[in-house]
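1. Sharing a sequence plus its predicted fold:
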Amino acid sequence: MLPLKEATAVKHKKAERMPFNVRMFKSLLSKNEYLLYLNQQLQIFNAIELSALPHSDLERSKNIQTDIDELNSQGYHTNHILSSTTAYVNYLNSLTYEHLLPHIYLNYLAIMFGGQVMKQAVPSTGRMYAFDNMQEALQSVRNVQKDEWADEVNKGFDFIISIFEELETECLNRQISSQIV
Ligand code: HEM
């Protein structure tokens, strides 16, 4: 059996290269666009955090809310939740804890790895990417991680990829409608 990272590498590359993600990585997102992204992240982490996490320092919901509050206080507002996000949240809510764990690996390690570079690129303080004790929190996921999770992690990547697709479409539509107005 392939190690988990290798068995999910194709989908990771696809997610990494999604146009919305590339724009985020290149510091090209507007505050409104980043706020739209944070709204989706909040839904995902709220759904996961209904269950106990392997380590309390993993918890992200409050930090994401702080990032949202920061942008709200600067006059940026949007509560829009994409249908692809609702689909992922409904799926997460349907899982047993055993099947939720691969999604914990997916979403929290995303923030710990790629996220540390992303923190420098986003138009906010980036509390979402800040962990009190990142090594311990990371180790708590590593301690439970299994190569058998590959199918479930790949399924999670598919949901994330759909969210990136819809984020980009939504941003393009907003640009077009602001030009019409
Ligand atoms: C621009 C976007 C991204 C960049 C630059 C990036 C970069 C990275 C890097 C450098 C690593 C460490 C690889 C290593 O250990 O050699 C990593 C790991 C990881 N990334 Fe990403 N990533 C991005 C997006 C994502 C997304 C969107 C997800 C899923 C939501 C994700 C999930 C993961 C996971 C689960 C790991 C841990 C793999 C493991 O060591 O088991 N990444 N990423």
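-> Looks like it came in fine. As the structure is a computational prediction, the values presented were derived from the model and not from experiment.

2. any idea of the mean pLDDT for stretch 134-148?
-> Across stretch 134-148, the average pLDDT comes to 98.

3. Please identify the buried residues of that stretch?
-> Buried positions in stretch 134-148, judged by neighbour count with 16 or more other C-beta atoms under 10 Å: 137-138, 140-141, 145. Every residue, glycine included, has its C-beta placed from N, CA and C.

4. So the closest residue to the ligand within the chain versus L50, what's the distance?
-> Closest to the ligand within the chain is G114: 2.6 Å, counting by C-beta to the nearest ligand atom. According to C-beta to C-beta, to the nearest Å, G114 and L50 sit 25 Å apart.

5. Quick one: name the residues of this structure near the ligand.
-> 4-5, 12, 15-16, 21, 25, 105-107, 109-110, 113-114, 117, 160 (C-beta under 6 Å from any ligand atom).

6. of those, buried ones?
-> Among the residues of the chain next to the ligand, the ones that count as buried by 16+ other C-beta under 10 Å are 4, 12, 15, 21, 25, 105-107, 109-110, 114, 160.

7. Show me which pair in those is furthest apart.
-> By the measure C-beta to C-beta, these have their two most distant members at L4 and F25, which lie 23.4 Å apart.

8. ok, now how distant is the spatially most central residue of the chain from I176?
-> The centroid of the chain falls nearest to Q41 when counting by C-alpha atoms, centre = their mean (4.8 Å). From Q41 across to I176, the span is 25 Å (C-beta to C-beta).
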